[in-house]
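> Generate a structure from the sequence data that follows.
(chains A, B and C)
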Amino acid sequence: MSARGSARQRFARSTLSHALLIAMSCLFLLPFAWLVGTSLKADDDVMEVPTDLKVLIPKGRFAPIDGRPQRVSVGQHPIDYPAKIIRWDEGPDQGQIALIRASEIADGKVKKWLDRPSGPEADMFPVTVVKDVLASADSRWWRVEQHPDALATGQQPLWDCVPDSNVAVRFWPRWRNYVDGLAKYSFARFYRTTTLITIAFVFLMVLSCSFTAYGFGILEWPGRNLVFFIMLCTMMLPGHVTLIPVFILFKHLGWINTFRPLVVPALFGSAFFVFLLRQFYLTIPRSLIDAARIDGCGELRIWWQLILPLSKPALMTVGLFSFLHAWNDFLGPLVYLTSEKKYTLSLGLAMFQGEYGTEYGMLMAMTVLTVVPILVLFFVAQKTFIQGVKLSGMKE
Amino acid sequence: MSFHYSLTEFDGTAKPVFVGVDKYRQLLADELFWLSLRNTAVYTVFAVPLGVLVALALALLLNMKLRGMSLYRAMFFVPSVVPVVAASVLWVWFLNPQYGIFNGLLRLVGVAGPGWLSSPAWTKPALVLMSLWSVGGTMVLYLASLQDVPEQLYEAAEIDGAGPWRKTIHITLPIISPVILFTVIMGLIGGFQYFTQAYVMTGGTGGAADAALFYCLYLFQKAFNFQDMGGASAMAWMLFVVILVITLLTFRVSRQFVHYEGK
Amino acid sequence: MVRLAKYLIIAACAALSVYVLSIGPIDETPAENEVLISVWYPWAGEAGERLREAIGAFNQAGVIEPGTSNRIRVIALYARNDISTNQKLFIAIAGGSPPDVTFVDGPQVAEWAHRRALSDLTEMIRRAGIRQEDYYPPCWRQTVYRGRVYALTFCADPNFGLFWNKDAFRRAGLDPERPPRTIAELDALAERLTVRSGDFYDSIGLVPWGVYGSANSMYTWGWVFGGQFYDDRADRITCDDPHIVRALQWIKSYDRRYDKERIAALQSGFGSGERNPFILGKLAMHPTVISGLREIRRYAPGLQFGIAPLPYPDDEIWGTGEINSSWVGGWCLAIPTGSRHPEAAFEFVRWLCATDEGTEWVVRATGSFPGMRTCRYLRWLASDQGAAEDPARNKLLQILEACKHQRPVIPVQAYYLDQLRRAVDECLYKDVPASRALASARVNTQAALDRARAQARRRSTR
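Got it, this is the predicted structure:
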């Protein structure tokens, strides 16, 4: 094999691999791109029928109104009849803008358009005509988001009639989704709470699981496989049915509305992680351990000084997964925390999903913020994975 | 304790009343019970093998020494890190027949996308797809164990003239087989207990024509919506038996394939 | 050096863990002469915020706990509690640490009362001078279980007024001031108003099964067709009565006209505010819940629409139904068993549901009507002035006044709802004949109901 041939082969292989990887990562990242894109969108932009990939990009629609470009949203069907934009001078909708058919205005007064057929004179309220709208299939009734006289949020927004051709679409990320979302339910506190709980949980879990796995994987004792199997079985029972008895237990201990029901179970390990670590420990050569025993090390020392360092990748995996579990845990905090001050991130996220419609932009923004710390952690932990503590030296 | 409940008529707040194996009999006669079991089995049969394959393929791909590998790894891992509730909401939106981008892309290539979650036939494929998206966790496990494969073995095999395919089959797979076994078993247990995503994505109802009525969702409904804690407990114990049997079978079968170096 | 760092980190983690474990359960201690009660509310978003404002108003009002000199202060907590997500509440009650006041969806009252999860409020209501006549009959019926009252109605949604899009009518060449009166007219109009272009629908006349879920659709049209879902004298489920079967067959007849999956996509726009298909003009007629008014006012003020009572069948094919049919939905307030301050809790319930100030807050928070028909706001709305200033709500109020139905007051309400949903889905998606689908719903629900009754009997004989 000539040197040049193998170099070319390597180049070709590496390019192919890169191409494959890039293609697959794009596929995998698509929902995530959707998540990030949606987190920067205004609510009207979220609900847009996607016709091409451009839907991932947060957009804003702008139209010149009163000489200035204003952000508009929600264009309703064309105003193909002569109409007027009026402002109510009196009545329950005083000060608000409405679009009416030109035929409905009489003597500067308009019947309330949420109408019951023909009423007495008392139904008519005086209005001021703000603009005349010509009948045109091009004009639509758009909602104006920013306006110098904008009323406070929560009240009826301002509207204006703009020809479709005047509406320009451009890239417009709505950072306010993040700002508003953080402020809305004091999200920063959720962060702090969740971090504290998670660190405690991971710490206790890693320690207790490796300890237990040691007992099952390294030590030899009669019936250990059976006990291990029983422990495995506890994983197979769906958690929901034990929810009530466990809750009652915690209630008697006075632990409701504390973090103890969330963290203390870590002390007892998790069958899942013990299983994982056991499998790893089973790959550690016996000879290593026997050598240590011969040197006079007690089991505890073997665990602390030999096994723990050796199983760093596995421990980091356990740490990572238990971090994920604690960070994203929803059911536990839902059931055991009864005070908003103690709420965690996952509960906070749920608060954006209302019965009367989900605030998608903010929900996605807060989700992104929930995910970022985990990404950071992964990047940091990855180095340990890669440097990979290999089994030292012993050849089989 | 919960086994005791399974022998009672219990609504969660009043005192349970002993009824013997009545609950079990009721379940066996309940067509929804069998439907939920079938749904769960179908889902598991597809999701677990596909998940292992995809995760393994990705891990092998990512184990190569290419530039920017850590970036690639992160990109595949990221989806599995999104909180389940948020991911479910995201995917409901992602797969929306009219506004979702997935159908939008299909439209681009001229295919009329199906109704996904609003169509009974496409609900389970949608959920399997979503679970494949989150294989990052399993992939990371495989990656970690791939680190433990000694380089020397590969070098020795190359000298013997083995190509990449043979190296994989005869060296890599056997060595990481304990971890694969682990993930398969976890996958099976998880598959049979599949709940949260289905719950969030169907609003707790079980989806169009009960296509997403999985075993644990039905159990949950029984326990909390229909106040049949007794029946729910019975379901839980039946599931336990099923999972136990399947796990035992898997262990037995695995003896032929799994190597424990330590032993 | 690295070793030291490692040990430091481990020590820090250990210290943190101890700290986390040490945090106690009490967050707020009552001040002097103050009693704290907790209220769990089920809405996020704007409705939730308005409710918190209402609670703030209550706290300001300085209501005193009876028999003491303590001011009542309410702490609010958001806890989802709809028919399928009441886990947190249920577990809290079962575990003995419930909130003092909770919102309960109307039809759930009977179920929770049956489970002994709610306190009997009959005595306190009587002492407060609240009378049955003060509330709309269907609302009151929902809060009563076996002769005792377990909740007070918070809001009463008239379900439904038929909203129709006048512009869509005009575009289709129909008279915009003439809504359909009978089912036959409704069918004809729906036909004219459905316009298809290629793969998608430009506009649809009506989606009968899309009235807030399959089960609610069944209830709505079942009553319109003159059916009864529950015979309370015989304690029998009657969902396969011929009227209801006909209603389901009528719903199914629309299935043959449409491609369901394309419509399902459209329906996903509901509850999204701006993309509500009715607002966008894509759906010409839709029975809409009262909070829909708010959506229209906010997102489509230019929409010309009308409100009319639901059409009724009046011909040979579909039989005769009920004129001006509607049913009442909405939430109630209840006090869970195990509450530590039931008297104070009741003061809050009474303020919100049975006083003029409180009920005005109900309107502000939900946009719906209070259950108390004699309150100041409703008296104003029924007057000429109210009719002039808010004709849409006035119209809906008329529908509420004529309302005769509420969902059956039985202890297996959630199960019944689910069975009805299944029946409709099976009929629509699996082409099961309507009579068979509803018959199996009846059989299953009756069995569940009988079990619940047996359980109650056992309890009372012990």
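> Surely C:Phe369 touches C:Leu293?
No: under the criterion of C-beta atoms under 8 Å, C:Phe369 is not in contact with C:Leu293, lying 11.3 Å apart. For the C-beta atoms, the positions are set from N, CA and C on the backbone; glycine is no exception.
> would you list every one of the strands in the stretch 201-350 of chain C?
For the stretch 201-350 of chain C, strands defined by DSSP state E, counting those that start in this stretch occupy the ranges C:230-231, C:236-237, C:285-288, C:305-309, C:314-315, C:319-320, C:327-329, C:331-334.
> Reformat the ones you listed as JSON lines; add mean pLDDT and distance to A:Ser322.
Below are the strands of the stretch 201-350 of chain C laid out as JSON lines (pLDDT from 0 to 100; distance: least, C-beta to C-beta, whole Å):
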{"stretch": "strand C:230-231", "mean pLDDT": "92", "distance to A:Ser322": "50"}
{"stretch": "strand C:236-237", "mean pLDDT": "92", "distance to A:Ser322": "48"}
{"stretch": "strand C:285-288", "mean pLDDT": "92", "distance to A:Ser322": "48"}
{"stretch": "strand C:305-309", "mean pLDDT": "90", "distance to A:Ser322": "55"}
{"stretch": "strand C:314-315", "mean pLDDT": "88", "distance to A:Ser322": "66"}
{"stretch": "strand C:319-320", "mean pLDDT": "88", "distance to A:Ser322": "63"}
{"stretch": "strand C:327-329", "mean pLDDT": "92", "distance to A:Ser322": "44"}
{"stretch": "strand C:331-334", "mean pLDDT": "94", "distance to A:Ser322": "39"}
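> Go through these and name the closest to A:Ser25.
Shortest distance between A:Ser25 and those, using C-beta to C-beta, is found for strand C:285-288: 43.6 Å.
> Now do the SS call for C:Asp157.
What DSSP: H, G, I helix; E, B strand; the rest coil gives for C:Asp157 is strand.
> pLDDT score assigned to C:Leu118?
Among the per-residue scores, C:Leu118 holds a pLDDT of 92.
> in the strand of greatest length in chain A, what counts as buried?
Counting by DSSP state E, the longest strand found in chain A is strand A:124-133. Applying a neighbour-count criterion of 16 or more other C-beta atoms under 10 Å in any protein chain shown, one finds A:Met124, A:Phe125, A:Val127, A:Val133 buried in strand A:124-133.
> coming back round to it: out of the strands of the stretch 201-350 of chain C, deepest packed?
The highest mean neighbour count among the strands of the stretch 201-350 of chain C, using mean count of other C-beta atoms under 10 Å in any protein chain shown, belongs to strand C:331-334: a mean of 26.
> so which of the strands of the stretch 201-350 of chain C comes closest to chain A?
In terms of C-beta to the nearest C-beta, the element of the strands of the stretch 201-350 of chain C nearest to chain A is strand C:305-309, at 7.4 Å.
> and that closest one, what does it pack onto?
Helices and strands touching strand C:305-309, by 3 or more C-beta pairs under 8 Å, 6 or more residues apart in numbering or on different chains; DSSP states H and E, are strand C:161-165, helix C:391-401.
> tell me which residues in the helix or strand in which B:Leu248 is found are buried?
Using DSSP states H and E, B:Leu248 maps to helix B:229-254. Of all the residues in helix B:229-254, those buried under the rule 16+ other C-beta under 10 Å are B:229-240, B:242-243, B:246-247.
> domain ranges for chain C?
Recorded structural domains for chain C (assignment: automatic domain parsing) are C:34-156+C:328-382, C:159-325+C:407-454.
> The top helix by length along chain B vs chain A: in contact?
Using DSSP state H, we find that the single longest helix of chain B is helix B:31-62. Yes: residues of helix B:31-62 contacting chain A under C-beta under 8 Å from any C-beta of the partner chain: B:Leu58, B:Leu61, B:Leu62.
> rewinding a little: which residues are common contacts for C:Phe369 and C:Leu293?
Common contacts of C:Phe369 and C:Leu293 (C-beta atoms under 8 Å, 6 or more residues apart in numbering or on different chains): C:Arg393, C:Leu396.
> Between the two, tell me which one has more neighbours.
It is C:Phe369, of C:Phe369 and C:Leu293, that has more neighbours when counted by other C-beta atoms under 10 Å in any protein chain shown, with 28 against 21.
> which among the buried residues of helix B:229-254 gets closest to chain C?
Sorting the buried residues of helix B:229-254 by how near they are to chain C, with C-beta to the nearest C-beta, puts B:Met229 at the top with 9.3 Å.
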